[in-house]
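Peer 1: Kindly return the folded structure for what I paste below:
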Amino acid sequence: MAFDVESLAEATSGAIGALVSTTILYPLDTCKTKYQAEVRAHHLQKYRNISDVLWEAISTGQVLSLYQGLGTKNLQSFISQFIYFYGYSFFKRLYLEKSGCKAIGTKANLIVAAAAGACTVIITQPLDTASSRMQTSEFGKSKGLWKTLSESSWREAFDGLGISLLLTSNPSIQYTAFDQLKERLLKGQLKEKTGTQSSSESLSAFSAFVLGAVSKCVATFLTYPAIRCKVMIQAAESDDNDETKEAQSINQKTLSGALYSIWKREGLLGFYKGLEAQILKTVLSSALLLMIKEKISKTTWVLILVVRRYLFMTQTRLKRA
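Peer 2: Model (predicted):
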């Protein structure tokens, strides 16, 4: 039973952290997503940079539309993080029980994380697709969750699922890069002090934060073309003008169609359109999520134990009665 309580505490604190970080950064996420979804020839682009999306919302008096789809995004973030942290804790403990090991190795940890990520993606993909469509709708014209999902088939609700599963490799790349950078940094520091290369030192908090940010940037850079293709596949249909309709007449609802559209209209650099905003949002979101999770994790654990004890006592009294 202790296993379930610990997994539940991890899942709950992670989900609450995701909820808060998503809400705080949502306007940036909306601007980023609308900018990523646009695919036009350079001389016809509506948004030259991500700030143009913000200016459009301000100039048209639709500032609150930067929050369109927030409820769906929060629901998706809460459920996905709850499932991820619970699944990660569950698979990790299952591995330790079956293998008899006291600690989990790096490779096994990556596999466990990927398995938890895959489970999360499959369950929450319709919500992810709906939130992307709401964000990329014209300001002030976003539809609700039920209407957004009901206007498309179940197959369309899972648009981008293959890419989402592929993107579960992002944490694996991040952790691999982090371990490599950490090893080199510690070796360099110890060599300066003692002239040897074996090290049992640990990173300082600041060094860990910097290496974490750098490794996340590396992972985001390597997987970004897939990230942009996923946004395009999930984006709402636009009716701005004929040029946009022509762009959408090319089948962008498939990976090959999205890749072709970007290459034809924007060239090689188009695959990295909006990369800066993606990195900024991802790094800030990860930092906020983990910070909030760590702050409330102990409190969540205590509350769950109190509730569990209360339910146990209530059940005991009912049996006696």
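Peer 1: in which helix or strand would I find residue 211?
Peer 2: Taking DSSP states H and E as the criterion, residue 211 maps to helix 205-234.
Peer 1: What's the local residue count around residue 22?
Peer 2: 22 (other C-beta atoms under 10 Å). Backbone N, C-alpha and C define where each C-beta goes, glycine included.
Peer 1: Report the contact partners of it.
Peer 2: Counting by C-beta atoms under 8 Å, 6 or more residues apart in numbering, residue 22 touches 29, 73-74, 77, 285.
Peer 1: After the helix or strand of the chain with the lowest mean pLDDT, which helix or strand is next? Please name it.
Peer 2: Every helix and strand of the chain was ranked by mean pLDDT, DSSP states H and E. The lowest is helix 242-249, at a mean of 48. Using DSSP H and E, the helix or strand that follows helix 242-249 in sequence is helix 255-266.
Peer 1: That next one: how far from the chain's middle?
Peer 2: Computed by C-alpha atoms, centre = their mean, to the nearest Å, the chain-centroid distance of helix 255-266 equals 23 Å.
Peer 1: out of the contacts of residue 22, which one sits closest to residue 257?
Peer 2: Nearest to residue 257, judged by C-beta to C-beta, of these is residue 29 at 24.5 Å.
Peer 1: Surely that closest one is in contact with residue 136?
Peer 2: No. When contacts are counted by C-beta atoms under 8 Å, residue 29 is not listed as touching residue 136 (11.4 Å).
Peer 1: host element of the residue most central in space within the chain?
Peer 2: Centroid-nearest residue in the chain, with C-alpha atoms, centre = their mean: residue 282, separated by 7.4 Å. Taking DSSP H and E as the criterion, residue 282 maps to helix 275-320.
Peer 1: the helices in the stretch 51-200 of the chain, which residues?
Peer 2: For the stretch 51-200 of the chain, the helices defined by DSSP state H, counting those that start in this stretch occupy 70-99, 106-136, 145-150, 154-157, 161-166, 169-194.
Peer 1: Spit out the contact partners of the nearest residue to residue 214 once chain neighbours are set aside.
Peer 2: Once flanking residues are discounted, residue 214 sits nearest to residue 181: 6.5 Å by C-beta to C-beta, 6 or more residues apart in numbering. Neighbouring residues of residue 181 by C-beta under 8 Å, 6+ apart: 211, 214-215.
Peer 1: Ok, residue 254 next?
Peer 2: Here residue 254 is in contact with residue 233 (C-beta under 8 Å, 6+ apart).
Peer 1: So it versus residue 152, what's the distance?
Peer 2: From residue 254 across to residue 152, the span is 15 Å (C-beta to C-beta, to the nearest Å).
Peer 1: Please apply the same query to residue 73.
Peer 2: 18 Å.
Peer 1: Mind checking which of those two has more residues around it?
Peer 2: Higher neighbour count among residue 73 and residue 152: residue 73, with 25 against 15, using other C-beta under 10 Å.
Peer 1: Show the contacting residues for the residue lying closest to that one once chain neighbours are set aside.
Peer 2: Closest residue to residue 73 apart from its sequence neighbours, by C-beta to C-beta, 6+ apart: residue 131 at 4.3 Å. Contact analysis of residue 131 by C-beta under 8 Å, 6+ apart lists 69, 72-73, 76.
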